[in-house]
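> sequence plus predicted model, see below.
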Amino acid sequence: MTIQLYAFDTPNGRKISVALEEMNLPYEVRFVNITKDEQFNPEFLKISPNNKIPAIVDPDGDNGQPISVFESGAILIYLAEKTGQFLPKSGPLRVSALEWLMFQVGGFGPMPGQVHHFLGLTDQADQRYALPRFMKETLRLYGVMDKRLAEQPFFATELSIADFAILGWVWRHERHQVDLANFPHVKRWYELMMSRPAVQRGFSVALK
């Protein structure tokens, strides 16, 4: 049955469209226009009580019962376990995939997201403290990723949901004013990921 993806054209939304394409799961997009505050609509809040996109509704959950899932990290884990793809069932590789997924959810997302916000302000006084702080941390996180990818092709050695999660935010590197030439291993990984046909489909599907 077809999964309903509630999303908009953001890094977090793209994580899920990419994962759905990579996992070859049928889905349909339900637009939630966050520029018009549609994420606060009562019907959407039943699915995503934190009024954030993305969220999914899977009509064919456990025991054939419908299930809704909110928060992008939880969605990626749910889809990986549903399909048996991109998340090992046990062992060090599973731990590694979850570590790097949490790295993205807890840091490499919130930090560049703050950069996006403060870059959008026109008053330099409003930017003066916060923008350098969040930019410094964003660059530190790129350095962590570059060091990791110098040692292996993907974040958890094998392609995993951690790569889909991180890709959504590296996709916006130009918006948070990061030159990937300064992080050659991230650049190699990014170009490899973006060359994948399923990833290209995940980024081309209309989310707005």
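Structure received. Numbering: from 1, shown residues only.
> any idea which helix or strand comes after the lengthiest helix in the chain?
Looking across the chain with DSSP state H, the single longest helix is helix 130-149. Counting by DSSP states H and E, the next helix or strand C-terminal to helix 130-149 is helix 161-170.
> packing partners for that following helix?
Judged by 3 or more Cβ pairs under 8 Å, 6 or more residues apart in numbering; DSSP states H and E, the packing partners of helix 161-170 are helix 11-22, helix 72-83, helix 92-106, helix 184-194. Just so you know, the C-beta spots here come from the backbone N, C-alpha and C atoms, and that holds for glycine as well.
> for residue 7, list each beta-bridge partner.
residue 31 (DSSP bridges).
> please parse this protein into its domains.
3-86+199-204, 92-196 (automatic domain parsing).
> what about the last one, start to end distance?
Counting by Cα to Cα, to the nearest Å, you get 26 Å between the two ends of domain 92-196.
> for that domain, give the mean pLDDT please.
Domain 92-196 shows a mean pLDDT of 96.
> make TSV from the domains of the chain and add mean neighbour count to it.
Shown next, in TSV, are those (neighbours: other Cβ atoms under 10 Å):
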stretch	mean neighbour count
domain 3-86+199-204	18
domain 92-196	17
